[in-house]
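> Provided below are the primary sequence and the corresponding predicted coordinates.
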Number of protein chains: 2
Amino acid sequence: MNHLNYIDLFGFLAALLTTIAFLPQLYKTWQTKSADDVSLVMLILFITGLFCWIIYGFKINSIPILVANIITFIFNLSILVLKISYRKN
Amino acid sequence: MNHLNYIDLFGFLAALLTTIAFLPQLYKTWQTKSADDVSLVMLILFITGLFCWIIYGFKINSIPILVANIITFIFNLSILVLKISYRKN
């Protein structure tokens, strides 16, 4: 493995981990039917940021940025929808 | 404003939003002394991914990747520490 591949490996691993990380949160929220401890402001800021990453990835024609952020966007939007639907009155 | 600046603006805004998003989560966890609904697996995967982004940013000499991910790493590590310390037995 050459030097470039070694660096790229960390980039791919980083993108993979920060993308799939939200799947256990989505699963936990679905199972417990509760997301009161998850900050609504965090979700709104994060989802808005991910939307900006998608526009940025589209504009610079970066498939890795597009793919990683579209998946993360879908996961976090799902968490937000579940949080709102499970909200205690 | 030229075309390049318009694209860069989305990149900077994206990085800013996906970084500061975790500050309200940290504040909420600190205030409520509860993070039971926040997935432990999510935090561990995300923090490991951020650590990989920091190594990647260091290796490719990217100050924006380094700065954004170091700040996000500190916020999420703090949320993890609070979550563990507030855990109900």
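Yep, that arrived.

> Now do the same contact list for residue A:55.
Each residue near residue A:55 by CB atoms under 8 Å, 6 or more residues apart in numbering or on different chains is listed here: B:10, B:14. C-beta here means a position set from N, CA and C on the backbone, and glycine is covered the same way.

> show me the contacts for the most centrally placed residue in chain A.
Central residue of chain A (CA atoms, centre = their mean): residue A:72, 2.5 Å from the mean position. Counting by CB under 8 Å, 6+ apart, residue A:72 touches A:18, A:19, A:22, A:50.

> filter those residues down to the ones near chain B?
When contact is defined as CB under 8 Å from any CB of the partner chain, those meet chain B at A:18, A:19, A:22, A:50.

> Let's see the pLDDT reported for the closest residue to residue A:54 other than its chain neighbours.
Counting by CB to CB, 6 or more residues apart in numbering or on different chains, residue A:54 lies nearest to residue A:69, which is 5.0 Å off, once chain neighbours are set aside. The model reports residue A:69 with a pLDDT of 96.

> What strand or helix carries residue A:69?
helix A:63-86 (DSSP states H and E).

> buried sites along that helix?
Residues of helix A:63-86 classed as buried by neighbour count (16 or more other CB atoms under 10 Å in any protein chain shown): A:65-66, A:68-73, A:75-76, A:78-80, A:82-83.
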